[in-house]
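**Student:** predicted model and sequence follow; I will ask about them next.
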Protein chains: 2
Amino acid sequence: MTVDASMSARTGEVLEELPVSSSDEVAAVLSRAAAAAPAVAALPPAVRRDWLKAVADALGDEPTAARLVAAADHETGLGEVRLTGELARCAGQLRFYGDVAAEGSWLEVTIDHAAGAAPDLRRMQVPLGPVAVLGASNFPFGFGVLGNDTGSAIAAGCPVVVKAHPAHPRTSRLLAEVATAALAAAGAPDGTFALVSGFAAGTTVVQAPEISALAFTGSQRGGLALWEQANRRAVPIPVYAEMGTINPAVLTVEGTERLDEVATGFVGSFTLGMGQFCTKPGLLLAPAGHDVPNRVASALTEAAPTGWLLTGPIATAYSAGVDELVAAGGRVLATAPAADGGWTATATVLEVAAADLAAGSRLLEECFGPVALVAEYADRAELDRILDDLQGALAASVQSGGPDDPDLPGLVATLSARVGRVMVDDWPTGVAFTWAQQHGGPWPATTAPSATSVGAAALGRFTRPVTWQSVPSAALPEALRDDNSWRVPRRIDGVSGGAS
Amino acid sequence: MTVDASMSARTGEVLEELPVSSSDEVAAVLSRAAAAAPAVAALPPAVRRDWLKAVADALGDEPTAARLVAAADHETGLGEVRLTGELARCAGQLRFYGDVAAEGSWLEVTIDHAAGAAPDLRRMQVPLGPVAVLGASNFPFGFGVLGNDTGSAIAAGCPVVVKAHPAHPRTSRLLAEVATAALAAAGAPDGTFALVSGFAAGTTVVQAPEISALAFTGSQRGGLALWEQANRRAVPIPVYAEMGTINPAVLTVEGTERLDEVATGFVGSFTLGMGQFCTKPGLLLAPAGHDVPNRVASALTEAAPTGWLLTGPIATAYSAGVDELVAAGGRVLATAPAADGGWTATATVLEVAAADLAAGSRLLEECFGPVALVAEYADRAELDRILDDLQGALAASVQSGGPDDPDLPGLVATLSARVGRVMVDDWPTGVAFTWAQQHGGPWPATTAPSATSVGAAALGRFTRPVTWQSVPSAALPEALRDDNSWRVPRRIDGVSGGAS
């Protein structure tokens, strides 16, 4: 492909053809990123906070925001309301990662003074170097060119090279223009951030010796292919691929008292953004004998969600995926009418037999789009058997009868062993960016289950520890010198002690 | 192989033939480890500290210690003085990891109370589950059956299945007997720790679905093979392989004022334990014009270290490796007389031309045993070129003219980008177990450059984060409840705040 085609999700029309990066351009971007890396890494994190704040401010500028939302709405069909909120969230995330960087805990500064036979040892996390970001199709702002990966990587002191997503190439370029100008005005070194575009550019950055880590948000197929490519490099690099999963929801017996609310909430969550969330609850496990499947079907009929999928291939895959679910034993309970034209899709709820929910079944793999399964379990033993057969997932929810529901402790414990986030009486499709957030999970939810792609700990992905032993002060990094001029929290001689 | 042969390093004789685990025995061990995992994980870390202390106390018991040292000395030839010290260190490590566990920072407890649209989020690290440990040949106590990997995994709440090292099968079994009895007496669940033996058992544990992570210490070849096997599993698991590297040492121009001390120190470090350290300094880069190669040669002749290698295959590989270094351009400057009989080896120092130290050369790969290279660099540009061509390493040292040496800041910065630990006027062959230690490094020093296999952060390898969202107190893990009954440090609403 020599162009990226900007297409309307609502009509399928090509709006614009945009040139993609030449191999020389990609080489120049990589070279500038590598050259910038030492300077970006050595600056106090508060300086990088100021850069990220400058980008966030630029995104909040009114004509800029309107232009970005309009472009994204054309390309994704996600609607102005959702995209306006997502753009504000994107700016908020950038500010948050800057604040986390400046606070300094992520450096994990640890100082052991010489004692007995042990020498003076000083340890901290250092930035890995340039990071390649391959963002998501479904969140052009939140997980796109300036999303969580880019924000946390720059916060951690790593230059970023983003590959433009072919599902929203115009939006990608606009975001990059805004960021490039804001970073330059804020004094960030040339090479701190760049966008490349086109399939060949993506292949090049994954293999480039200048790149130290890959961050990806998307399908299991795409993420696993990337992970395999990175492992075949002469020097393998970490791949943080955050992928879609089935994200089970379990309704307890006592929770059936809230059945109306649960049915409505489930439909709202699995059809939000036309089901194009990696955290979509794809399976509701409900106690038999409460007519739950039919109540969910009614809720879908009543809600009647309509909209468009992000791309032609996603629409095709969705349609094929629903057929696969039927072939694997799913029975269509209800559908909602589709929108007209473009990459429309029919929201669907299927009933499946508990016995068909077995390891290896298509029913237990994600189907991206507005579809979900409902199954009834006879008893706790059957429920546990199903939960045992589930793949690792990003999130799981329990819909309970309240804090005293006797099933809660056991279910929460069981689910916490299989996912990255477990919740009670909430749905998984909101992912707050805070200190305690975890967005990741056991294989195959991510290729790096010890990492998160949202929240304060996201910075850690792009660092590694180094210890300086018996190194004179003048040759130590700033954060490890006795005067602690960066005022970061430090553990000294085993005692965690604040910024002094 | 249906037996493990316990052999004398000093004579090459078979001392004893020991039966290895049957496949049924291995299956039972794995099953018990999986069954124990939830209980081991759920206990307060202070309880696991008591278990580790019990094992450490048992190792310190006089007749036990004498029996262990005698067995290890027979099998490794490392000598009673070294092994007595290493056994004390092993016990000290177990106590240290227990103390780190009880202190609780490794749980990374983070609580964000509900605020605005964001729900109550509580995040902590949870144990991965049973860990398989494949220890080192060269440290039967420090990195063996009860070494850093076992200590830190149990501390982190994971049952451990150790594969006995075929280089010291008798020592492995004795250690396991001591640990099994001490753990049982201390009340640890059956399945908390077990030893398996034999090649087939090793293959089984690497593939076993019950195993959640692999910890390995040994050769690059062995570690990379393990990593590839683990990546081919249906559910890949993390592999913490800590492997040997060349560990460069750089002498500055001003450092030549300390040439006698440096030459003696270099020889002492690269021949310590007959050069069988993963942190052995394998290459000294010295400024031209100071006669450094000959001074190092004299120091080797004077020190005249003798001893035995750990196994017959290691002795064969050492001899072949020295031949390969010669074939790659090395010139033998001096050798020390070999010991008599058994798996003896000739300590050797080779001179190499700076131009031959280029990426891909055999000269830049580890040769396990008492051999090192000395090369002279003409100027800083040539030195930087060589450093650029080096593989990632565990450690690097700078031998300087003192804290004001003008070459120090630049060299320390350059080396810190290529290794896990950089030191000044020290040698890399001591690895203290403290809070600030880092024992690991960029690929191919380890398969997980963000991890350490020694020091407080070693626990983190065997955990992953989980976030509990809007979960009622009764269904939360103990450490996340408001009363903080475990008294662990917590970050609350973004503020790091001690144990209250």
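**Tutor:** Yep, it's here. Numbers count the residues shown, from 1 in each chain, chains lettered A, B, ... in the order given.

**Student:** surely A:M124 meets A:E108?
**Tutor:** Yes - because the distance of 6.1 Å satisfies CB atoms under 8 Å, A:M124 is recorded as touching A:E108. Every C-beta, even on glycine, is put in place using the N, C-alpha and C of the backbone.

**Student:** which neighbours do those two have in common?
**Tutor:** A:P465 (CB atoms under 8 Å, 6 or more residues apart in numbering or on different chains).

**Student:** look at the two and report which has more neighbours.
**Tutor:** Each of A:M124 and A:E108 has its neighbours counted (other CB atoms under 10 Å in any protein chain shown); A:M124 has more, 24 against 21.

**Student:** show me what from the stretch 251-400 of chain A comes close to chain B.
**Tutor:** A:G392 (CB under 8 Å from any CB of the partner chain).

**Student:** can you give me the strands for the stretch 251-400 of chain A?
**Tutor:** Counting by DSSP state E, counting those that start in this stretch, one finds strands in the stretch 251-400 of chain A at the ranges A:283-287, A:331-335, A:348-352, A:371-377, A:393-399.

**Student:** out of those strands, which one sits most buried?
**Tutor:** Across the strands of the stretch 251-400 of chain A, the average number of neighbours (mean count of other CB atoms under 10 Å in any protein chain shown) peaks for strand A:393-399, which reaches a mean of 29.

**Student:** in its sheet, what does it sit against?
**Tutor:** Based on DSSP bridges, the strands next to strand A:393-399 in the sheet, each with its direction, are strand A:248-251 (parallel), strand A:419-424 (parallel).

**Student:** just the CA atoms of the shortest one, as CSV, please.
**Tutor:** Translated: strand A:248-251. Only the C-alpha atoms of strand A:248-251 are listed here, as CSV (Å, rounded to 0.1, in the frame of the first residue of the first chain):
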residue,chain,number,x,y,z
PRO,A,248,-17.0,-13.0,31.9
ALA,A,249,-19.8,-11.7,34.1
VAL,A,250,-21.3,-13.9,36.7
LEU,A,251,-24.8,-13.3,38.2
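
**Student:** contact partners of it?
**Tutor:** Counting contacts by CB under 8 Å, 6+ apart, the residues touching strand A:248-251 from outside are A:259, A:262, A:266, A:281-287, A:292, A:383, A:387, A:390, A:393, A:396-399, A:411, A:415, A:427-428.

**Student:** one more pass at 7 Å, please.
**Tutor:** Outside of strand A:248-251, the residues that reach it under the criterion CB atoms under 7 Å, 6 or more residues apart in numbering or on different chains are A:262, A:266, A:281, A:283-287, A:292, A:383, A:390, A:393, A:396-399, A:411.

**Student:** and the last one, by the same measure?
**Tutor:** Here strand A:419-424 makes contact (CB under 7 Å, 6+ apart) with A:393-398, A:400, A:408, A:412, A:415-416, A:438-441, A:445, B:466-472, B:475.

**Student:** can you rerun that using 6 Å?
**Tutor:** With contact meaning CB atoms under 6 Å, 6 or more residues apart in numbering or on different chains, strand A:419-424 is reached by A:393-398, A:400, A:412, A:415-416, A:438, A:440-441, B:467-471.

**Student:** residues contacting the closest residue to A:L411 other than its chain neighbours?
**Tutor:** Excluding the flanking residues, the one nearest A:L411 by CB to CB, 6 or more residues apart in numbering or on different chains is A:V398, at 5.1 Å. Taking CB under 6 Å, 6+ apart as the definition of contact, the neighbours of A:V398 are A:250, A:411, A:424.

**Student:** can you give me the distance of A:V398 to A:R421?
**Tutor:** When distance is defined by CB to CB, to the nearest Å, A:V398 is 12 Å away from A:R421.

**Student:** show me where chain A has its helices.
**Tutor:** Counting by DSSP state H, residue ranges of the helices within chain A are A:23-42, A:45-60, A:62-76, A:80-103, A:148-155, A:169-185, A:199-207, A:220-231, A:259-271, A:292-303, A:312-327, A:380-389, A:408-416.

**Student:** could I get the second one in PDB with only the CA atoms?
**Tutor:** As requested, C-alpha coordinates have been extracted for helix A:45-60 and formatted as PDB (Å, rounded to 0.1, in the frame of the first residue of the first chain):
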ATOM      1  CA  PRO A  45      10.700  13.900  35.100                       C
ATOM      2  CA  ALA A  46       9.000  17.300  35.900                       C
ATOM      3  CA  VAL A  47      10.300  18.600  32.600                       C
ATOM      4  CA  ARG A  48       8.600  15.800  30.800                       C
ATOM      5  CA  ARG A  49       5.400  16.500  32.800                       C
ATOM      6  CA  ASP A  50       5.500  20.000  31.300                       C
ATOM      7  CA  TRP A  51       5.800  18.600  27.800                       C
ATOM      8  CA  LEU A  52       2.800  16.300  28.300                       C
ATOM      9  CA  LYS A  53       0.800  19.200  29.800                       C
ATOM     10  CA  ALA A  54       1.600  21.300  26.700                       C
ATOM     11  CA  VAL A  55       0.300  18.500  24.500                       C
ATOM     12  CA  ALA A  56      -2.800  18.200  26.600                       C
ATOM     13  CA  ASP A  57      -3.400  21.900  26.500                       C
ATOM     14  CA  ALA A  58      -3.100  21.900  22.700                       C
ATOM     15  CA  LEU A  59      -5.700  19.100  22.500                       C
ATOM     16  CA  GLY A  60      -8.100  21.200  24.600                       C
END
